[in-house]
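Provided below for reference: sequence and predicted model.
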Amino acid sequence: MKTFFRCLFLWLSVQVVQAQEDVQTIYALFEQTAPQWSPQLPAVKEPLLIRWQERKGTFNAKGYRTFVGYHQETFVGTLSLAEGLLYGEILYKGKSYQLMTSPKGKLEVILQKNARCGTTPSQGKETQKRTIPQGIGFRNMFPQADKDENDPPITQPTIYNSLYPKSLIHTDGVWRLYRLALPVDYSYYIMKTPFNKDKNKIRAFWYATETFLNELYGNDIGVHFEVIDDDRLIFTTPQSALFPSLISGNEVVDMGTITLNKHYDSKDYDLAVIITDFRQNYNGLAAVYAAYQTHQKANGAARPKGPSTIAHEIGHMFGADHTFSNGGEYSEKTETDSGQSIMSYGHEYARDFFSLVSVQIIRAFLGNSMAYYTDQARTQEAGKRVKDTGSNLVYGVKSENKPPILEQARLKREYVIPENTYFQFYLTGRDPEGDALTYMAHPADRRFHSSRSNAQFLTYKGTATPHIRFQEEWVEAEHNTFVQAKGTIFYRPGTFTFWIGVADHNPANPYHVPKYDVVETKVKIKKGKPFEIQNFDNGSYTHNRTYRAGERLTLHWQVDEQIFSPESKVRILLSDDSGKSYKYVLVEEAPNNGHCEVTLPNVAIGTTRGHFGKLKGKGIIKVEVIDGLAYALTTRSPYKQGGFMIEKDQQAPEPLQFVPTSLPQDISVKKEAAIPPAELPTAMGGCSTPQVSYQDRRNEVSYAPDVAIERIFTAKDSCGHTIEHIQLIRIGENKIGFPTSAPQEPTPNKEPLTFVATTLPPQYVTLSCKEALPPPASIETQGGCDKITFSLSEQMIQKYCPELYTLKRTYTFEDQCQNRLTFEQYITKKDALPPVFVGELPQDKTIEQGAAIPQGQVLTAQDDCKGTFQVMPTQQKSEQKIVYQWVAQDDCGNQVTYTQTITILPKKEEPVPAPKPKPVPKPEPTPVPDPKPEPIPDSIEETREIAIYNAVSTQDNSQNYFKVEGYDIPTSMEVMIFNEMGLKVYESNHYQENGEVFRGYANVSGVVGKGQRLPQGTYFYILTCSHRGQKEVRKGFLYVK
C-alpha cells in the first residue's frame, strides 16, 4: 500500500546576514502610531519599503506585538516584537527571509533559498511496522480520472445565490476558530537557529505565525487561528522529545496525532503542525484533509522556516492540493511553472493568496459537510455532519453575510481570440451590504497527477479593480532595469478554462466570512492573425515622439476575418500612465475593420523613468473589441521602447467626460419594483458646468433574455456637447433571494399594515419644465408585524420628449409577515409653450430692382425649457419677392414662425425732357463774402456697440462669414476659433484686414488639413479687440453650416 503526503522541499542552502540594526532600536520604531521600517535584505540593493499594520491578539497581554507588512499592495510578511526580541518572515521575489534576533541583540536576516514542494510515498518496512487507519488524509497515486476515488464524501452545497445558482464556490457562512498547536520538539529547541533554547523566541515565532495565518485564511477562507501558548508544547529534554531519534518525515506525519496526544490532551487543541527535524530535505509535509478528523488533526510536520511554510501545510490539511505545473508531484497544475499562490512554490511571486480552485476544494468540505459548536465550551452542536467524515468539530459563529453578485448579463460561456493576442475581463459586482469587493480571473484547467499541464497564464491575486488583463508585463528586476515577467509573453493555441468571480470583505467585522460568486468560462485561442496594432500615425510613428493636442492620427490594426465577425465593434482608449489605466475615450465605438482615425485630446502626457534610467513617453493607445476579450496596444514595452507624449494647448477648454469612478455599474434585480433610485454620475470639463440627467428605456436584448432596463445617463454643457453612459438593469422573477439561517417566526400584529394618511404625498402632480422635481416623500406606516422594510423605485413612463414625460414613483412597504403596501405617485412634466423671438425683429421692406438685397439675419429665441438659442433663416426667392422665414422649435416640437418679406419693385424709366432755349445770361452783382458754414454730411457716424454675426456658411459666394462691427478702426483684432473638442481650428492676429475672415475653413493643421473645409456644427470663439479706446475680450459660439 502507498500513502501520500504533501510536502515542502528544501535545499539546505542559506545565506545569513548579520545586520547592524539593534533590535531594541527597531522595537522603539514600532512604538510609533504609523511605524515605518524598511529592512535591508540580502541580494536586494535598496531597503524594501514596507507599510506595517498592527494586528491585535491574546499575545498582547504577554508583552508581544505583531504586525503585517505590505509592499505596495502585496502582503509580504509578518513581524513579532517584544522587548529586545524580534521574529518575522518576509517573502519577496520568490525568496523567504527570516528575521531573527542574534545573541548580541542585533537583527539577523537568513535567506532561505529554493524552498520546494514534493510528494513522497510511504511504503515498505516503515509502513508495515504499524497499522495506520486509512482515512480521508490518504490519496491514490494514479486515480482513474481527475477525481480521486478516495476523496471524502461531500454533500451538495446549499444554494445561497439564487440569481446565479450554479456559482462554483459556496459556504455555510460559519466563521470557525481553530486552536492551533505548534509543538516545538527537542530537536529544534536545542538548535542555535532559530531558537537556541530560548522560549521567548519560540513564542515570537508562534505569534508571528498566528498573525500570518489569520491575514491569509481570514481574507480568503473565513477561518481564524489562535495559537496555543503553553510551555507543555515546548519539549526541552531528550527524555520528553516527541521523536527522540531522527526518522523520516512520512513517519512523523503517520504518527503525529498519536504521538502528540500522548503528551498533550487532544481536547485542548483543534489542529497541530509539529515542529521537528526529520531525514528528508523538506520544509514540511502533511496529510490531505487531516484537519477534519480527530484521529488525524496533528498529521502535519514542518521545520521552523517561516509562517508561510505552516500556512502551506495547513492548506493541505484542509484538502488543498498543490497548484504548480513544474517541480513536484500530486498537483492540480492550474498555475504556470512553479506557481503563484500559497499552495505552489511561488518563486518570484508573493504567495499571499489562495487561488479559486484551492478555495473551492477547502470550502466544498468545510462549508458544506462540517458541523460546528455554537459555544466556546464546545457542547452545543449545529450544522450538518456527514457520516464517516467531519469528526473534528470546532467553535463557530454563524454569519448572516449575504453573498456578492457577479453580474453575468454581458459575460459569455466561451470566447474566441487569435493566438498571441492580449485579452481582458471587465467584471461588475455588487454587494447587498456594501462590503468591499475583490475580483478574480483564475486559470482553472485541473490536470491531476501525471496529466500534462494546460496552464499558460499567470494566476493573479484578487484586486479591487474590476478589470483583469492578460498581457506582456514588465517588472523592475533591479534599479533602472526592466524585464518581461515570466509567463506573460506568448499565448499558444488551445482551449483554456477560467474561473471568474467576486468575493466580499469587511475588515470591521471580526466574524466576517468572505462569500464568493464564481462562474466558469472558456477562452479558445485559435491559430490565425494576432489582433495587434501594426501601423500607427500612417507609418510615421516613432517611440517617445511628442504630438500636439488636436492632431489627427490613423491607426491600423490586424483583424482575422475568420475569428471576428464583420459586425464586431471596437473602442479606442488612451492611457497617460504607461498603460496602468486608460482614462480617455478617443472613439466610443467604431467598426472592427482594421483602421480608424483618432484625434488626440487636449491633455498633457509626459515621461517616466524607463530602462537604464532613460525617459520614456507615457502615452499608449489601446484598441479593444467591444463585448469581446481581445485588445491591442501601440507599444508592448512601455518602459523599454516607451510610448509617446502630448503637448497640451493651455488656452483650449477641457473635454467633456464622466468621472470613471462615479459611473453606475450594471445590476440585476428580482422585480421591477426593486430597481434602486438613480445615482447620477459626476461629469467634468466642457465649456460650462455639465448638467447630468437620466432616462430609463425598456429593452429586450440578446444578453438579457428576460427584461432589461437601460438607464441612460447624459451629461450636457452649455455648448450643446453631450456624452452618454448606459447602465444595464436586468429584471427577472426569482433572480435574487437570500436565505436566513434558523429564522424566527415573525410576531403577528393585530393591527393591519396601513399608511399614515397625513404623510402621503399628492398622487398626481403636474410641473412646468422650470419647476424642479420634488424630493421623495417620507411616508409613514402603522401596524403590521415586526420590522418593516421599505423600497423606492422610479420609472420614466410616457416620455415623448425631454420635457414631456411622467415619472412614476413606487413606494413599497413590507413587513415580516409578507404583508405589502404600495403607493404610486405620478409626476408629470409638461412643455406646452412654444419659444418666442426676442430682440428687434427685421421688418418687411420694399426695394427697387438693382438695389442691394438685405441678408437674412440670425434671430434669437427664448424657451422656458430649452433656454436661449439662435435661429437661422430659410429663403424663398422669386423675381418680385424674397421671403425669409425663421422657425424656432423646442425639444418637444412646440414652434413659432416669423417671416420677413422683401418686395422688389421694377426700376422706373426716366422720361427724356424736350430741349428748352437757353436764356441769355445776365451779369450778377458780386456778393459780399460771408463766413461759409461747414457742409452737413449725409449721416453722422456714432460710436456703436460691438456687433458679432456668428452664422457662417461654407457655400460658394455666401456673404455669411464671421463678421464683427463696432470695434475701433484701424486697430487690429485677434480671433481664435475652437471646435467641440476644444481644439484650435482658426487663428488670426489681423482679423478683417486685407480680406482675412473666417468662412468655415481651417487655417491651422490638426483637425483637418490647413485650408480644408470644417464640418458643420457648433464652434467656440475668443475675440480680442479695441472698443472706445479700451481692450475688450468677447467669447461665444458660432455656427458653421
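Received the coordinates, thanks.

what average pLDDT does stretch 266-274 get?
Here stretch 266-274 scores 97 as its mean pLDDT.

what is the end-to-end distance of it?
By C-alpha to C-alpha, to the nearest Å, the extent of stretch 266-274 from end to end equals 14 Å.

509 is where my numbering starts, stick with that
Sure, I'll start counting at 509 from here, so that last one is stretch 774-782.

what residues does that stretch touch?
With contact meaning C-beta atoms under 8 Å, 6 or more residues apart in numbering, stretch 774-782 is reached by 686-691, 693, 733, 736, 750, 760, 764-765, 767-768, 792, 794, 799, 802, 805-806, 808-810, 818, 821-822, 825, 900, 902. Any C-beta I mention is one placed from the backbone N, CA and C, and that applies to glycine too.

one more time with 7 Å
Contact with stretch 774-782 is made by 686-691, 693, 736, 750, 760, 764, 768, 799, 802, 805-806, 808-810, 818, 821-822, 825, 900, 902, as judged by C-beta atoms under 7 Å, 6 or more residues apart in numbering.

ditto for stretch 1131-1149
Against stretch 1131-1149 from outside (C-beta under 7 Å, 6+ apart): 918, 923, 925, 929-932, 980, 982, 990, 1031, 1039-1041, 1044, 1051, 1063, 1065, 1072, 1076-1081, 1086-1087, 1097, 1100, 1118-1119, 1124, 1128-1130, 1150-1151.

just the buried ones from the contacts of stretch 774-782, in ChimeraX syntax?
Selection of buried members from the contacts of stretch 774-782 for ChimeraX, criterion 16 or more other C-beta atoms under 10 Å:
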select :686,687,688,689,690,691,693,736,750,760,764,768,799,805,806,808,809,810,818,821,822,825,900,902
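
contacting residues around Ser1086?
With C-beta under 7 Å, 6+ apart, Ser1086 has these contacts: Thr1116, Lys1126, Ile1128, Pro1146, Tyr1147, Gly1151.

kindly recompute the last result at 8 Å.
Neighbour list for Ser1086: Thr1116, Lys1124, Lys1126, Ile1128, Pro1146, Tyr1147, Gly1151 [criterion: C-beta under 8 Å, 6+ apart].

again, but for Ala1181
For Ala1181, the contacting residues are Ser1299, Ser1301, Thr1318, Thr1320, Thr1330, by C-beta under 8 Å, 6+ apart.

the third one: neighbouring residues, count only.
This points to Thr1318. Residues within reach of Thr1318, counting by other C-beta atoms under 10 Å, total 17.

ok so, going back, just the buried subset of the contacts of Ser1086, please.
The neighbour-count criterion (16+ other C-beta under 10 Å) marks Lys1124, Lys1126, Ile1128, Pro1146, Tyr1147, Gly1151 among these as buried.

my guess is the first one contacts Asp1085. True?
No: taking contact to mean C-beta atoms under 8 Å, the distance of 11.9 Å between Lys1124 and Asp1085 leaves them out of contact.

now do the shared contacts for those two.
Common neighbours of Lys1124 and Asp1085 are listed as Thr1116 (criterion: C-beta under 8 Å, 6+ apart).

rewinding a little: filter the contacts of Ala1181 to the buried ones?
Buried among these (16+ other C-beta under 10 Å): Ser1299, Ser1301, Thr1318, Thr1320.

gap between Leu919 and Ala972?
19 Å (C-beta to C-beta, to the nearest Å).

Ile1530 too?
From Ile1530 to Ala972 the distance is 43 Å (C-beta to C-beta).

swap in Arg1117?
Arg1117 is 26 Å from Ala972, by C-beta to C-beta.

compare these two (neighbour count), which wins?
Per other C-beta under 10 Å, whichever of Arg1117 and Ala972 has more neighbours is Arg1117, with 14 against 10.

please report how far the more buried one lies from Phe1152.
With the distance defined as C-beta to C-beta, Arg1117 ends up 16 Å from Phe1152.

ok, Arg1521 next?
29 Å.

which of those two has more neighbours?
Legend: neighbour count by other C-beta under 10 Å for Arg1521 and Phe1152, higher for Phe1152 (25 against 13).

would you agree that one is in contact with Glu1059?
No: judged on C-beta under 8 Å, Phe1152 makes no contact with Glu1059 at a distance of 10.6 Å.

now do the buried residues in stretch 905-920.
Buried-residue list, stretch 905-920, by 16+ other C-beta under 10 Å: 905-907, 909-919.

nearest residue to Ile1080 other than its sequence neighbours?
Distances taken as C-beta to C-beta, 6 or more residues apart in numbering place Val1095 nearest to Ile1080, at 4.1 Å, with adjacent residues excluded.

to clarify, my last question referred to Gly613.
Val531 (5.3 Å).

so what's the one you found up against?
Counted by C-beta under 8 Å, 6+ apart, Val531 has contacts Gly592, Leu593, Leu594, Thr609, Gly613, Lys614, Leu615.

these two touch, right, the last one and Leu593?
Right, the one you point to is Leu615. No: applying C-beta under 8 Å, one finds Leu615 not in contact with Leu593, separated by 11.3 Å.

any residues in contact with both of those two?
Common contacts of Leu615 and Leu593 (C-beta under 8 Å, 6+ apart): Val531, Thr609.

secondary structure and distance to Glu723 added to the buried residues of stretch 905-920, as a markdown table?
Shown next, in a markdown table, are the buried residues of stretch 905-920 (DSSP: H, G, I helix; E, B strand; the rest coil; distance: C-beta to C-beta, whole Å):
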| residue | secondary structure | distance to Glu723 |
| --- | --- | --- |
| Val905 | strand | 19 |
| Lys906 | strand | 23 |
| Ser907 | coil | 19 |
| Asn909 | coil | 19 |
| Lys910 | coil | 24 |
| Pro911 | coil | 22 |
| Pro912 | coil | 21 |
| Ile913 | strand | 26 |
| Leu914 | strand | 25 |
| Glu915 | coil | 29 |
| Gln916 | coil | 31 |
| Ala917 | coil | 35 |
| Arg918 | coil | 34 |
| Leu919 | coil | 31 |
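
list just the nearest of the residues you listed to Thr1314.
Of all these, Thr1314 sits closest to Ala917, with 27.6 Å by C-beta to C-beta.

phi, psi for the closest one please.
Reported as degrees, to the nearest 10, the phi and psi values for Ala917 are phi -60, psi -40.

got it, and the one 5 residues further on?
Here is the backbone geometry of Glu922 (degrees, to the nearest 10): phi -150, psi 140.

does it really touch Glu1028, like I thought?
No: counting by C-beta under 8 Å, Glu922 stays clear of Glu1028, with 10.2 Å between them.

more neighbours: the two, which one.
Ranked by neighbour count (other C-beta under 10 Å), Glu922 and Glu1028 place Glu1028 first, with 14 against 9.
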